[in-house]
Every structure is written in structure tokens, then in C-alpha cells.
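K.L.:
Just need the structure, nothing else, for what follows:
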Amino acid sequence: MSTSPTISFIGAGNMASAIIGGMLASGFDAGRIWASAPEDSHLQALRKQFNISVTTDNRYCAQQGDIIILAVKPQIMATVCRDIAPVVQNTRPLMVSIAAGLEAGTLDEWLGGGLPLIRVMPNTPSLVGKGAAGLYANDDVSDAQKETVASIFSSIGSALWVDDEASLHAVTALSGSGPAYFFLMLEALESAAAKAGMPAETARELAIQTMAGAAEMAARSEHDPAQLKRNVMSPGGTTEQAINTFESGGLRELVDQALQAAYRRSEEMARELAGKD
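P.N.:
Numbering: from 1, shown residues only. Coordinates of the predicted model:
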């Protein structure tokens, strides 16, 4: 990174740890990272692992940051934001939330109003450096601030901007919840292969590698998924039979229904967390 703002993490769970690890791997200065959490023993483990600064005082941690990443559970976000509001209203940092469902306007209200704020919807593969994050910035965020935050989340995967906040509901339904969809497919493939006589461990290893290989091919290829699918199929062959079975069984419609259900629940959660329901 060309500039080195100080980054303060309010909350130091698995996702915060993954982000910190990615930042350090990309060359960010550990001396400019702070983290706060209630448990000092956990913080000391982070300090030892990453050589960052830690504190159990959220206000003190917030005071250090040019960028503050809110990494606490949505259910306690209101309490945390209201606690640090006097500090951030004085220092005017860039606020970044990785909490699902909490809208920018709600967060800004809890923080006292008028702050630059970015919402990020990361997903669990961020924990292994293969994340997919959707990002939305309010009107007070500068281009330079957007670039810095994008570089932070690019260090643990891909980071893509959306133009309107409502699109984060779709991000939640696709990439936020999406890992579980693929785990379900993995579970189903393993079970089906076991019924065909394959040992469970062998089935799992083959299924995981097949899934990873297909994803890598899709990422590298200039072709769309439909063409990649056709490339695997031979007329009258085994793949064609399997794909025809998926299609006649309504797989596409089921995927669409599942995604829409997740989208609607994301909208409902936003209202519930804001206290509007």
C-alpha cells in the first residue's frame, strides 16, 4: 500500500484475524494496526501472533484509527457504536462495517451521523484467503478511502463494489451464504458416491478436488459456465445423463428459490436489526 493509515479493529474474532493476516501478508505495517475485544487473553494471543497493538478499551482503540473496522456481531453493534460515538465524532475516521444486515443509515445514526462509512459483506472463505466480498460506500467516502479499503479486502480474496446498498442483499444471498450451498453439494456428492460403493474419505477428497478444479477453470477461462459445461459433456455420455437429470429435476428453479429466500431474509434482518419491525 502506498499510504499507511492506522487501522483499528473493534472486535477481534475469526474474520478480523483473517483480515489482519491478509493485510500483513500484503505488506501492511503491523505497527499501524490496533484491535480491541473483551477478553485480554485472546488479545494477547493476537498480539503475539501478529505483533499488533491491542486493548480491551473500545474507545481507546477507536481513538487510534484513521480507519475503524467494526467487526462485532450485529446483535451488539448498536451498543458498541453508541459507546464509541463521542470519540469518532471528534476524530472523524472512515468507518467500515463487516456486519451482515445492518444498513449504512442505521450504523451512521448509532455513530452520531455524518461519517464516511463503507459496508463490506465478506464470506467465510476469507479465513483461508479465498474470500469474496461485496462493498458499498456512502456519499461521504473519498476515492482514496475506497481504494484503501478495497486493497484491505483484496488481501483475503476478491473485493467488488456495488453501486447501491440494496445490492448487498444479493451479495449476501450469493457469496455470503454461498459457501454453504457448495458444502451441501459436497455432502450430497459424497453420500451418492458412497451409495455407489466408494469409501467416504475417497469420495470426499475427489469431490473437494473436483469442486476446486472446476472453480479454478471457471476463474481462468474466457468461456461462460454454459460453454464450460458443454466442454465436459459428450453426446450420449455419462455427464450428459447426469446434467439431464439435474435439469429435469428442477435444479435451476430450486437454486433460484433458495437465492430469493436468502435475499428476502437479508431484507428482513436489516429491518429487525434496525428496530423497524
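K.L.:
now the strands for the chain?
P.N.:
Secondary structure of the chain, counting by DSSP state E: strands at 7-10, 33-36, 53-55, 67-70, 94-97, 117-121, 131-137, 157-161.
K.L.:
model confidence over the third one, on average?
P.N.:
The reference is to strand 53-55. Average pLDDT, strand 53-55: 97.
K.L.:
Tell me the strands beside it, with direction?
P.N.:
The pairing partners recorded for strand 53-55 under DSSP bridges are strand 33-36 (parallel).
K.L.:
now the strand it pairs with, how far from the centre of its chain.
P.N.:
19 Å (CA atoms, centre = their mean, to the nearest Å).
K.L.:
can you count the residues close to residue 132?
P.N.:
Using other CB atoms under 10 Å, residue 132 is surrounded by 21 other residues. The C-beta positions use only the backbone N, C-alpha and C, and glycine is treated the same way.
K.L.:
my read: it touches residue 125, true?
P.N.:
Yes - Residue 132 is within contact range of residue 125, at 7.0 Å (criterion: CB atoms under 8 Å).
K.L.:
Low-confidence stretches in the protein?
P.N.:
Applying pLDDT under 70 to the chain flags the ranges 1-3, 276-277.
K.L.:
biggest helix in this protein by residues?
P.N.:
Counting by DSSP state H, the longest helix found in the chain is helix 251-273.
K.L.:
which outside residues touch that helix?
P.N.:
74-75, 77, 100-103, 106, 168-170, 172-174, 177, 181, 277 (CB atoms under 8 Å, 6 or more residues apart in numbering).
K.L.:
export the strands of the chain to JSON lines and tack on distance to residue 111?
P.N.:
Listed next are those as JSON lines, based on distance: least, CB to CB, whole Å:
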{"stretch": "strand 7-10", "distance to residue 111": "11"}
{"stretch": "strand 33-36", "distance to residue 111": "16"}
{"stretch": "strand 53-55", "distance to residue 111": "19"}
{"stretch": "strand 67-70", "distance to residue 111": "9"}
{"stretch": "strand 94-97", "distance to residue 111": "6"}
{"stretch": "strand 117-121", "distance to residue 111": "8"}
{"stretch": "strand 131-137", "distance to residue 111": "15"}
{"stretch": "strand 157-161", "distance to residue 111": "22"}
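K.L.:
looking at the ones you listed, which is closest to residue 44?
P.N.:
Of all the strands of the chain, strand 53-55 sits nearest to residue 44, with 7.0 Å by CB to CB.
K.L.:
List of residues touching that closest one?
P.N.:
For strand 53-55, contacts defined as CB under 8 Å, 6+ apart pick out 12, 31, 33-37, 40, 43-44, 46-47, 61, 64.
K.L.:
right, and residue 165 touches residue 136 too?
P.N.:
Yes - using CB under 8 Å, residue 165 is in contact with residue 136, at 4.9 Å.
K.L.:
who has more neighbours, those two?
P.N.:
Shown here are residue 165 and residue 136; by other CB under 10 Å, residue 136 has more neighbours (22 against 15).
K.L.:
ok, now which ones touch the more buried one?
P.N.:
Residue 136 neighbours (CB under 8 Å, 6+ apart): 104, 118-119, 161-162, 164-165, 167-168.
K.L.:
what are the phi and psi values for residue 66?
P.N.:
phi -80, psi -30 (degrees, to the nearest 10).
K.L.:
residues near the residue lying closest to it once chain neighbours are set aside, how many?
P.N.:
Nearest residue to residue 66 in three dimensions, chain neighbours excluded: residue 5, at 3.6 Å (CB to CB, 6 or more residues apart in numbering). Using other CB under 10 Å, residue 5 is surrounded by 17 other residues.
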